[in-house]
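Asks: here are the coordinates; sequence isn't available:
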């Protein structure tokens, strides 16, 4: 079902093969030879498509789906419509991701440097790396193998990028070291000077920002996000962390491994996210704070204090999420009481 | 008064002609032959300028204005200073827009492809379309007639753009189909992969994002806004909708017709804005929600539940706006009571 | 300690010389001849490094630091470890900024226009100005002396830029006049049309935006920030103001001198920040408001009314910060009471 103008299509695959690819288990071995042509959402899938159920909100869509096969958690297997082949797994989204990637593999980079790319003679490009028209690779930059530098991106002097990285269109990188398998979306800004200046007199005086940005391996950085370089220490984005679009990371921030920062959230200068912390959309973390391992900051909250490991917080100022929901119910009670007194 | 370095000037126009152009009615027919040279804000207008009053906040400026003519709602006509010619209409802002456009027409695209634009031989450009230096149009992209693709913009492989569109400087489009008369401001990001990955194990696993972005006709998208492509379904921006700067639209979001999303607001994945919904600045709509037709989300609110058609909500979590203001007045009462007990 | 790939290193300097450079006073004249090689944060500094203490939060780092010299407020001088030379001043951050800039001077622009820059023959470039590859300077633009226009930036028709300015990679400017010593970071958007349209009928009708953006001298604008041009009046950013990343400035906004707008904050159309106002991260100021001289808006707050000069406000809707903290303590009391009644 994916638009052939934008996505390559591989396959078909038998369910037997999809079982191997996905790690899920076929509920009914007699389906093993059935062949499938593509993936599709539950509501749009046809008999030749594989779909998935990951969120119980979509159970009605599952029950009404025309998908020939579906990846599903064992809990929901009994709700399947008749004739639907089931690939059962406790991690259906992950299994589906593997199947979708098998049907729609990302084309490998062509290893072609466009005649209209601007590569400084002192820069180094690894084998298999593609650089599109208008992209600039400045002096002493080092780019690894099989990378894709998209049109009009700008790689600053001395920047180091690992293997198998993608730098999106019109992105710009300076003062940074980037690990392998990092995906930088269009319009991302990495390495510009942090927001550091002395305000004790006017005009204010800029403080030189002498750190770098270290982006570890397997990181994803969403479109138009901004990551300032450190003031002295480095700004660090830990391995495997995922940043969404329009995220702001201030100077000296340390984002641990496996963190998730959702769209339009911001982490102010010198704060630390320990491993696996999650900051939901539009949330803000003030400067010089420590967000503990696995802590979760709800969307739109404003964090003004350290958050212990594993704690979930919400609100502005942020408080434990259970307190926040109790506070909201107190507000509702007050509103109801006022409604009565207004009558 | 507009700076001639940036804006062309047409005219002069008689009030008779401006009556025709604007659809407003001249209060005093004896003014019909008076000629005007430009438009200007109330406080800066001179005798040869046409101004407008649209917001009663500016009534004192109206009363003190030196504008020779003014577009005004009948309600305020009596407050006009002596000698000011009045163009009366119940829609003064709309009438003024037409007059301002008559004095300052946007120059048509020259239909010139710069020698330093990068057009793939397999791409198609309509007649009259201008492509500026550094802009890239990749293979199999199709661009309609009379478009303007500004400097260093990047149009991805297979992208389709209708007629009379503007793509601003340094914007990038991929995996999208764009209708006619769409205005995409500088730095906009359309079509990058949505923020979809499985978190059941670490490292997380990206889920292929196999949908597109569909931008219907007459849409405006503000500078540095980001619209991710769908995960399977498409992300859709309905006809005539207006998005301001730095707006985030997540994967699979459906924005209806005539919606308005103000600066720095965000709509999380798979949510639906029905026609004519308004999301004010910095507001956030969580994922998988439905915002009803004509609903209005106040600035900075955080919407965690569906909003019925026509309802106005505010606060975080968002509640009906009347409840929000009552809650604020309850807070103020509590503060006053505490102030007394603190004495 | 700064990475030599990204930062030039000057020096060494004697403490005597650093006293002159910084304006601080050497606590012990016998240290005057000691030479230093670089600056570094307290926790990373070595014997040959100069560090600084500006925030009492870092007092333990100061006491444990191996820095050979430190810039410090007289209040903390007694806490210095044995053997550390002290440069004493009531403005340690400012003094340190001068020292850091002495060790790591920014290289002057080379005055080189890249062969792959696109300069319209009707544009004017001052002497000493560098234009990098892919940058576009359109007709009748005027750029002053010793500017640096980075790769793939786009300077629109008629734009005027003063001396000693920096325009970052992939930034775009149109319809604007920019003073001297302005630093525009990568991806900034200046001068696109404001979000002005008439909604009295559908389709909505765009109102021509006939103003400009005036950026006065010594302004800094953070990465991916957006500043719309005025609708009729100009949008103005006053001298010496500092805008962080992802900031939104709506049409007609007037930002005074020395204002600070932190990351992801937004100022809606026609509002005024008087001189030295501070808007912290993610805060929003609604349209048509006046924020008084030196007022401070706390992070994440939503300002719906004028704020008097000097007042500090917080919350959404914003209230005096003292009231906000009292309100939060009232909430906490209500939560505690409810906790008891829940038992």
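Replies: Thanks, I have the structure now. The structure displayed is predicted, hence computed values, not measured ones.

Asks: switch to C-alpha atoms for all contacts and neighbour counts from now on
Replies: Will do.

Asks: look up the closest residue to residue A:316, ignoring the ones flanking it.
Replies: Closest residue to residue A:316 apart from its sequence neighbours, by C-alpha to C-alpha, 6 or more residues apart in numbering or on different chains: residue A:302 at 4.5 Å.

Asks: that neighbour: what's it in contact with?
Replies: Applying C-alpha atoms under 8 Å, 6 or more residues apart in numbering or on different chains, we find residue A:302 in contact with A:283, A:284, A:285, A:286, A:314, A:315, A:316, A:317, A:318, C:299, C:300.

Asks: go again using 10 Å as the cut-off
Replies: Residue A:302 sits next to A:265-266, A:282-286, A:313-319, C:282, C:299-301 when contact means C-alpha atoms under 10 Å, 6 or more residues apart in numbering or on different chains.

Asks: bridged to residue A:261, which residues?
Replies: Beta-bridge partners of residue A:261, counted by DSSP bridges, are residue A:243, residue A:279.

Asks: thinking it is in contact with residue A:280, fair?
Replies: Yes - if you go by C-alpha atoms under 10 Å, residue A:261 and residue A:280 touch, sitting 6.0 Å apart.

Asks: which neighbours do those two share?
Replies: A:244, A:297.

Asks: more neighbours: the two, which one.
Replies: Set residue A:261 next to residue A:280 and count neighbours by other C-alpha atoms under 10 Å in any protein chain shown: residue A:261 wins out with 29 against 23.

Asks: how much space between the residue in the stretch 151-300 of chain A that chain C sits nearest to and residue B:144?
Replies: Nearest to chain C, among the residues of the stretch 151-300 of chain A, is residue A:207, at 4.5 Å (C-alpha to the nearest C-alpha). Residue A:207 sits 49 Å away from residue B:144, taking C-alpha to C-alpha, to the nearest Å as the criterion.

Asks: then residue A:272?
Replies: Taking C-alpha to C-alpha, one finds residue A:272 at 49 Å from residue B:144.

Asks: neighbour count: these two, which is higher?
Replies: Neighbour count, other C-alpha under 10 Å: between residue A:272 and residue B:144, residue A:272 has more, with 25 against 21.

Asks: where does the more buried one fall, phi/psi-wise?
Replies: phi -120, psi 130 (degrees, to the nearest 10).

Asks: so it bridges to which residues?
Replies: Beta-bridge partners for residue A:272, by DSSP bridges, are residue A:254, residue A:290.

Asks: and the angle for whichever helix in chain A runs longest with helix B:321-342?
Replies: Criterion DSSP state H: the longest helix present in chain A is helix A:321-342. For helix A:321-342 against helix B:321-342, the angle by axes from the mean of the first three to the mean of the last three C-alpha atoms, to 10 degrees is 90 degrees.

Asks: what are the buried residues along stretch A:330-343?
Replies: Within stretch A:330-343, the residues scored as buried using 16 or more other C-alpha atoms under 10 Å in any protein chain shown are A:330, A:331, A:334, A:335.

Asks: need the contact list for the second one.
Replies: When you say that, I think you mean residue A:331. A:325, A:337, B:324, B:327, B:328, B:330, B:331, C:331, C:334.

Asks: would you confirm that the third one contacts residue B:297?
Replies: This means residue B:324. No - counting by C-alpha under 10 Å, residue B:324 sits too far from residue B:297 to count as a contact (11.9 Å).

Asks: more neighbours: those two, which one.
Replies: Just comparing residue B:324 and residue B:297: by other C-alpha under 10 Å the higher neighbour count belongs to residue B:297, 29 against 19.

Asks: next up, phi/psi of the more buried one, please.
Replies: Reported as degrees, to the nearest 10, the phi and psi values for residue B:297 are phi -100, psi 120.
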